[in-house]
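K.L.:
Dropping the sequence and predicted coords here.
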Amino acid sequence: MFRRLFIVVLLALFAVGDLAPSLLVSQASAQEQPVKKKRKTLMDLLFGGGEEEQQPVEAPVVTTPKKASLPPVPEKPKVEKALTATRLAVFGDSMAVDVAKALERFYAEDPNISVINQGVGSSGFVRSDFFDWNKTASEQVAANSFDIAIMIVGINDRQTMKAGEQSLKALTPEWNAAYQERIAAFVSDVRAANKPLIWVGLPPMSKADYSNAMGQISGIQRLAVFGGGAEFVDIYDRFVGEDGKYSSSGPDLNGNRVRMRKDDGIHFSAAGADKLAFYLSQTIKTYYSGSGGVTTEIADALAGTDAGLMVRPPYQGLGQTRLLEVAGAVIPLSATPKRATDLVTAINAPVPVEDIFDVLQMIEAPVGRADAFGVGKVPAEPEDDAATPVAAAQ
């Protein structure tokens, strides 16, 4: 009895020892293939049976929660421009195209000003055979197609210029003179129609040699623009880095540092163009009142004279470029001040002889009068009239 029991226990121990490696193998295979196995009992080990039954295990379903989608931002209603809106035309090359789009965004909600994009890519003042800006200016003025003009051009002008039968190399003295003459002709056509012209200087460029050339071209434009009595807006310092050189990024209108220029190192990005549009709006306020129409412009005191043809240098002050116009700023004592209407129309009417101021008038003026100026004449003391007896009526 005990011997049979001992044999049964011994067989059970051997069976368990043989089962251990199979359990390790089954665990390894379980990692490769997720199945469930039926566990063997002691009776199965002694008498056999208990085939393994593999049951497929379903993979857990993992669901990714959907992100809550924000409602679409409603588009702002487009503001219809008034029929009497001020027409702001932007002329120039491909940079003018970007500036025009930025001005459209800036004045999108103003019904009294409309922006007209007149930019022509690859154009300039050198290749008049490709596009003639001087001819275009005459045609636009004759058609009265705009009220205020903005011009930004020059990035395509560093090349040989044809002047008659001559080929002038870029940025030589002869080239500079011919280039300035063409700019002056454009300015003259626009100003002759009494239309405001705002000329925008060129910003720094990424390549040093190209940037230097653009700086020279912008300087020639400045001289021609000032000589024609138009407005020149220098934007160079607005788009430089802390080292005073080209920078592809900078602060936007909200103070955030963003990309200001495109990858080519020449054109403006949308943020850069918007920044330029804001600066231009400050100059446009000189001519645009915000309610439609163009404000009254003070006439040039030197217009029509030999001095009006001279180049008048700019006055640098408060970071702004201003035209140095001193004509009429000082009124001599021998002339009477002009009336307000005369100041607007700049009419130099002859002064009548009787109205000419004489220094002796200050001496003849009695003390105490406003025009005595401390050198007036002391009035004579009134004589004491003796009381005369009145004859009694007879």
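P.N.:
Yep, it's here.
K.L.:
the helices in the protein, which residues?
P.N.:
Secondary structure of the chain (DSSP state H): helices located at 2-32, 42-47, 94-106, 133-143, 173-192, 208-227, 270-284, 340-345, 360-364.
K.L.:
hey, least reliable of those by pLDDT?
P.N.:
Ranked by mean pLDDT, the helices of the chain bottom out at helix 340-345, with a mean of 49.
K.L.:
Isn't Leu197 up against Ala149?
P.N.:
Yes - the pair Leu197 / Ala149 is scored as a contact, 4.8 Å apart, by CB atoms under 8 Å. Quick note: C-beta positions are derived from backbone N, CA and C, even for glycine.
K.L.:
Which positions within stretch 213-233 qualify as buried?
P.N.:
Neighbour-count burial for stretch 213-233 flags 213-214, 216-218, 220-233 (criterion: 16 or more other CB atoms under 10 Å).
K.L.:
what about Val153, distance to Arg259?
P.N.:
24 Å (CB to CB, to the nearest Å).
K.L.:
The two: which is more packed in?
P.N.:
When Val153 and Arg259 are compared for neighbours, Val153 comes out ahead with 25 against 15, by other CB atoms under 10 Å.
K.L.:
Please verify my assumption that that one contacts Phe125.
P.N.:
Yes - using CB under 8 Å, Val153 is in contact with Phe125, at 6.8 Å.
K.L.:
where does the stretch 201-350 of the chain dip in pLDDT?
P.N.:
Applying pLDDT under 70 to the stretch 201-350 of the chain flags residues 292-350.
K.L.:
switch to 50 and redo it
P.N.:
Applying pLDDT under 50 to the stretch 201-350 of the chain picks out residues 296, 298, 312-335, 337, 341-347.
K.L.:
Sketch out the strands for it, chain order is fine.
P.N.:
Under the criterion DSSP state E, counting those that start in this stretch, strands of the stretch 201-350 of the chain are mapped to 231-233, 249-251, 257-259, 314-317, 320-323.
K.L.:
returning to what we had before: which neighbours do Leu197 and Ala149 share?
P.N.:
With contacts taken as CB atoms under 8 Å, 6 or more residues apart in numbering, Leu197 and Ala149 have Val190 as neighbours in common.
K.L.:
okay, now Gly272: neighbour count?
P.N.:
Using other CB under 10 Å, Gly272 has 25 neighbouring residues.
K.L.:
how near is it to Gly227?
P.N.:
Gly272 sits 30 Å away from Gly227, going by CB to CB.
K.L.:
Then Lys169?
P.N.:
Distance from Lys169 to Gly227, by CB to CB: 24 Å.
K.L.:
And for Asp263?
P.N.:
In this view, Asp263 and Gly227 are 37 Å apart by CB to CB.
K.L.:
Ok, Thr136 next?
P.N.:
Taking CB to CB, one finds Thr136 at 21 Å from Gly227.
K.L.:
Ok, Ser128 next?
P.N.:
21 Å.
K.L.:
now swap in Ala85 and tell me
P.N.:
For Ala85, the distance to Gly227 equals 31 Å [CB to CB].
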